[in-house]
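Enquirer: what's the 3D shape of this:
(one chain, ligands or ions: 2)
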Amino acid sequence: KYLNKIKEEDEACRAALQSGNIFLYHKLAPLLRRTDSGIYQLPALQTKEEILEKLGEDKEMVKESILINCTEQNEAQFSFDVGTRTSRHVIHYFMEHTELCRGTFVDLRKAFFLLRGSEAPLVARGQALLRWHQTNGFCSSTGQPTQRNQSGSQRVCHSSGITYYPKMSPVVIVLVSDGKRCLLGRQSTFPRGMYSALAGFCDIGETMEEALRREIAEEVGLEVESIQYSGSQHWPFPQSSFMVACHATVNPNETHVSVDKVELEDARWFSLEEVQEALTIKAPPRNNKGEPTVFWVPPSYAIANRLIQEWANLQHLKSYLN
Ligand SMILES: NC(=O)c1ccc[n+]([C@@H]2O[C@H](COP(=O)([O-])OP(=O)(O)OC[C@H]3O[C@@H](n4cnc5c(N)ncnc54)[C@H](O)[C@@H]3O)[C@@H](O)[C@H]2O)c1
Ligand SMILES: [Mg+2]
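Expert: Ligands and ions are numbered 1, 2, ... in the order given. Next comes the predicted model:
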């Protein structure tokens with residue numbers, strides 16, 4: 001309820017910013033702090049904190065922070081990108097003084113690896129909102145500048161009256177099984193050796209089930225028999241996607257895979273043993289060119305990993321019951 005209030009009411013949001021926590025980014029790369037015990041955290045800065053006070057007149061810019069969420073104690077959480085402003089003074093200040101907040105700006109993919117628990121989705125959400133504001137400054141109907149509200153939950157074109165809201169693209173991601181094996185594929189852009197569950201963007205007007213059946217038919221030429229929903233995830237790469245994750249089965253007598261070579265470099269069936277081995281790999285061994293040398297699957301922060309883990313668990317349960 002409180003989150004909704006500060007999202008909608010400019011005055012309440014300005015007040016929340018006074019005592020709220022701010023997470024810093026530089027050109028969409030979040031600031032992380034390494035603790036003495038070697039754990040990485042998201043440093044939550046306060047508007048009154050030394051580093052922000054030192055900005056002098058530019059301190060006003062902090063008012064442009066975007067509301068991300070609030071904690072259970074009703075502390076508002078904001079994101080602020082120091083790298084997008086023309087003021088070189090500010091950018092240099094932060095790049096040279098990151099030690100003041102005992103941290104460094106790191107690429108979001110790396111941050112996903114380093115952070116634990118709820119901090120990874122929080123940092124992704126902060127980045128997604130900043131990215132959306134940075135790319136939606138103009139109305140696509142009139143070409144006029146759009147104005148944000150204080151929280152950043154929307155932008156309005158006062159000339160056309162159109163209100164724009166932060167956008168996600170729905171994507172269906174599916175782990176196909178024939179009862180004994182699961183189907184994984186890779187795009188040529190994936191790191192070497194990494195295979196993942198198949199995924200695809202939903203077309204306008206499609207249901208999730210229709211998108212799933214179409215993607216599997218298009219990418220590997222298989223006909224899905226049954227679908228089971230597993231979970232969902234916001235995915236910030238390369239832009240905000242809303243990943244809907246499912247398990248699906250095919251007829252064990254109709255498992256011939258016909259790979260669409262435009263979309264995928266390869267797709268094939270993997271046994272439980274192969275999958276189990278891949279799930280134990282935290283960082284794949286690499287050759288002297290730095291390329292992974294074994295079959296591995298996406299890391300635990302990706303919902304593909306959860307699908308693969310669930311499938312392996314189910315196979316275990318089945319063999320135990322037999
Ligand atoms: N979190 C995870 O575990 C996980 C795992 C696999 C893939 N993914 C993500 O799923 C997404 C979709 O997977 P895919 O690449 O196989 O999709 P896909 O099979 O639909 O193929 C991508 C193509 O779809 C078209 N397209 C249609 N609508 C689009 C839109 N809104 N944005 C971008 N392209 C669009 C483009 O031509 C693009 O080249 C990717 O962004 C990928 O990062 C996430
Ligand atoms: Mg795909």
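Enquirer: Can you give the distance of the longest helix that the chain contains from its chain's centre?
Expert: Ranked by residue count and defined by DSSP state H, the top helix of the chain is helix 303-321. Going by CA atoms, centre = their mean, to the nearest Å, the spacing between the C-alpha centre of helix 303-321 and its chain's C-alpha centre is 24 Å.
Enquirer: list the buried ones in it?
Expert: Of the residues in helix 303-321, 303-312, 315 count as buried by neighbour count, 16 or more other CB atoms under 10 Å. Yep, even glycine has a C-beta here, placed from its N, CA and C like the rest.
Enquirer: same check, this time on stretch 122-141
Expert: Along stretch 122-141, these residues count as buried under the neighbour rule (16+ other CB under 10 Å): 122-133, 136, 139.
Enquirer: where's that stretch relative to the chain centroid, distance-wise?
Expert: Between the mean C-alpha position of stretch 122-141 and that of its chain there is a distance of 13 Å (CA atoms, centre = their mean).
Enquirer: can you list contacts of that stretch?
Expert: Residues outside stretch 122-141 that contact it (CB atoms under 8 Å, 6 or more residues apart in numbering) are 23, 25, 28, 30, 42, 66, 68-69, 77-79, 81, 84, 108, 111-112, 115, 144-146, 148, 152, 155, 157, 159-160, 162, 164, 166-168, 234-236, 239-240.
Enquirer: Where does the nearest residue to Lys27 once chain neighbours are set aside fall, secondary structure wise?
Expert: Once flanking residues are discounted, Lys27 sits nearest to Gly83: 3.7 Å by CB to CB, 6 or more residues apart in numbering. Assessed by DSSP states H and E, Gly83 sits outside every helix and strand.
Enquirer: before we move on, back to that, among the contacts of stretch 122-141, which are located in helices?
Expert: Secondary-structure check on the contacts of stretch 122-141 using DSSP H: residues within helices are 108, 111-112.
Enquirer: just to revisit the earlier point, roughly how far does the residue nearest to Lys27 sit from ligand 1?
Expert: If you measure Gly83 against ligand 1 using CB to the nearest ligand atom, to the nearest Å, the figure is 23 Å.
Enquirer: what about that residue, distance to Val257?
Expert: Plainly put, Gly83 is 44 Å away from Val257 if you go by CB to CB, to the nearest Å.
Enquirer: residue contacts, the residue in the stretch 201-322 of the chain that ligand 2 sits nearest to?
Expert: With distances taken as CB to the ion, the stretch 201-322 of the chain approaches ligand 2 most closely at Glu263, which sits 5.2 Å away. Going by CB under 8 Å, 6+ apart, Glu263 touches 187, 218-219.
Enquirer: Cool, thanks, signing off.
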